[in-house]
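**Q** Predicted model follows, preceded by the sequence.
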Amino acid sequence: MLLTSKENIMNAKIVRDGDEWPSTRGIADKIKNWEVEKKVILPEDYKRFLTKYNGGHIYPLLFKSPVPEELWGAPDDDDVIFDPVFDWDYAIERSCDNFNHARRPKSSLPVGSDPGGLEVVISLEQKSLGKVYLIHFGVGPDDEEPVMRAYLLANSFREFVFEKLYENADRDGYDYWYRPGIEQHSVDLEF
């Protein structure tokens, strides 16, 4: 049985590393300046998330891998951990400030990853603005070497967080997310 954040016993939560929430002051200005410089617009839901939290560790945090079984390599384990959600400065650093980076689709920005480095990106292209994708490199039956493939996860960052992230019956996501004292430092996730 899978539980989405709407069905979970606890509401969607977010926590930052350390004991205190860092200030998000100045994030809106950084984003606005970056948008002007790059001539792109970030999706509004993602901007709201950044200006309120600027990254963090979300719970629930599992999503189903959309990668075909022959490329995924783990047919019995298609739960993927989405952790962490990058803060603004790290997202820009990871993007190499280059929309044509060979390790992700053109005009996309990394928003987070799994612990093994699979990136989750948000599209900044007008025709797919705000859509969230999983980036996977794999060798398919017809490939000579690893090929980058982008798999749609959700139509928006908000949809991804509140409708696609879930907890499984074994509570594997919670076991990964939980650490002593986390309840006193986590807050309900709303944006």
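**A** Arrived safely, thanks for sending. Just so we're clear, the structure is a prediction, and the values are computed from it rather than from any experiment.

**Q** from here on, contacts and neighbour counts on C-alpha atoms
**A** Will do.

**Q** Number of residues surrounding A28?
**A** By the measure other C-alpha atoms under 10 Å, the count of residues near A28 is 16.

**Q** what about it, which helix or strand?
**A** Assigned by DSSP states H and E, A28 belongs to helix 27-38.

**Q** Which SSE is immediately downstream of that helix?
**A** With DSSP H and E, the next secondary element past helix 27-38 is helix 44-52.

**Q** what's the very next helix or strand once past that following helix packed up against?
**A** Proceeding N to C from helix 44-52, the next assigned helix or strand is strand 57-59, under DSSP H and E. Contacts defined by 3 or more C-alpha pairs under 8 Å, 6 or more residues apart in numbering; DSSP states H and E place strand 57-59 against strand 13-15, helix 172-177.

**Q** okay, those, which one's buried deepest?
**A** strand 13-15 (a mean of 22; mean count of other C-alpha atoms under 10 Å).

**Q** contacting residues around the most centrally placed residue in the chain?
**A** What sits nearest the mean C-alpha location of the chain, by C-alpha atoms, centre = their mean, is G112, with 3.8 Å. Contacts here follow C-alpha atoms under 8 Å, 6 or more residues apart in numbering; on that basis G112 touches F82, D83, P84, V85, F86, A91, E119, V120, V121.

**Q** what do you get for I81?
**A** L61, L62, F63, D114, P115, G173.

**Q** Could you report the separation of the last one from L62?
**A** If you measure G173 against L62 using C-alpha to C-alpha, to the nearest Å, the figure is 6 Å.

**Q** Any chance you could list residues touching both of those two?
**A** Common neighbours of G173 and L62 (C-alpha under 8 Å, 6+ apart) are I81, E167.

**Q** the helices in the protein, which residues?
**A** 27-38, 44-52, 69-72, 88-94, 157-159, 172-177, 182-185 (DSSP state H).

**Q** Against which helices or strands is the fifth one packed?
**A** What it means is helix 157-159. helix 44-52.

**Q** Report the buried residues of the helix it packs on.
**A** By neighbour count on 16 or more other C-alpha atoms under 10 Å, the buried set for helix 44-52 is Y46, K47, F49, L50, T51, K52.

**Q** Repeat that for stretch 130-139.
**A** Quick answer for stretch 130-139 (16+ other C-alpha under 10 Å): G130, K131, V132, Y133, L134, I135, H136, F137, G138.

**Q** Wait, the first one touches I122, no?
**A** Yes. G130 is within contact range of I122, at 5.6 Å (criterion: C-alpha atoms under 8 Å).

**Q** Need the residues touching each of the two.
**A** Common neighbours of G130 and I122 (C-alpha under 8 Å, 6+ apart) are F157.

**Q** thought N155 was touching K131?
**A** Yes. Using C-alpha under 8 Å, N155 is in contact with K131, at 4.4 Å.

**Q** Neighbours of P43, how many?
**A** Using other C-alpha under 10 Å, P43 has 16 neighbouring residues.
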